[in-house]
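Novice: Have a look at this fold, sequence not included:
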């Protein structure tokens, strides 16, 4: 019985810590100006990039991000089986300030 109470108490402490961290981050983001918020989420403006969607130059932001890429395939032979693999990849996230489109390269 004591073990369950201890594990439950630790679980509650972890949940409270996560909620406090999320609340603190929300307050921090809400205190930012719109320009600071855009830089935080989408990176700095790159004057040379052109948006492929609306053709606007000078309003595209770029930021390095890590993504989990999942690929599926079939392995041949006598038995055909489906395979799934996950890898992490560093991509450049772009965001257009004119049309609001976000894309990865």
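Specialist: Yep, it's here. Keep in mind it's a predicted model, so treat the numbers as computed, not measured.
Novice: Phi and psi next, for residue 20.
Specialist: Torsion angles at residue 20 (phi, psi; degrees, to the nearest 10) stand at phi -70, psi -40.
Novice: how far away is it from residue 27?
Specialist: Between residue 20 and residue 27 the distance is 11 Å, computed by CB to CB, to the nearest Å. Just so you know, the C-beta spots here come from the backbone N, C-alpha and C atoms, and that holds for glycine as well.
Novice: Residue ranges of each domain in the protein, please.
Specialist: 1-31, 42-104 (automatic domain parsing).
Novice: tell me the SS of the closest residue to residue 90 other than its chain neighbours?
Specialist: Excluding the flanking residues, the one nearest residue 90 by CB to CB, 6 or more residues apart in numbering is residue 66, at 5.6 Å. Secondary structure, DSSP: H, G, I helix; E, B strand; the rest coil: residue 66 is strand.
Novice: can you give me the strands for this protein?
Specialist: Secondary structure of the chain (DSSP state E): strands at 44-46, 60-75, 81-96, 102-104.
Novice: Of those, which stretch is the most buried?
Specialist: strand 44-46 (a mean of 14; mean count of other CB atoms under 10 Å).
Novice: partner strands of it, parallel or antiparallel?
Specialist: Here strand 44-46 has these sheet partners by DSSP bridges: strand 60-75 (antiparallel).
Novice: Next, the angle from the strand it pairs with to strand 81-96.
Specialist: 170 degrees (axes from the mean of the first three to the mean of the last three CA atoms, to 10 degrees).
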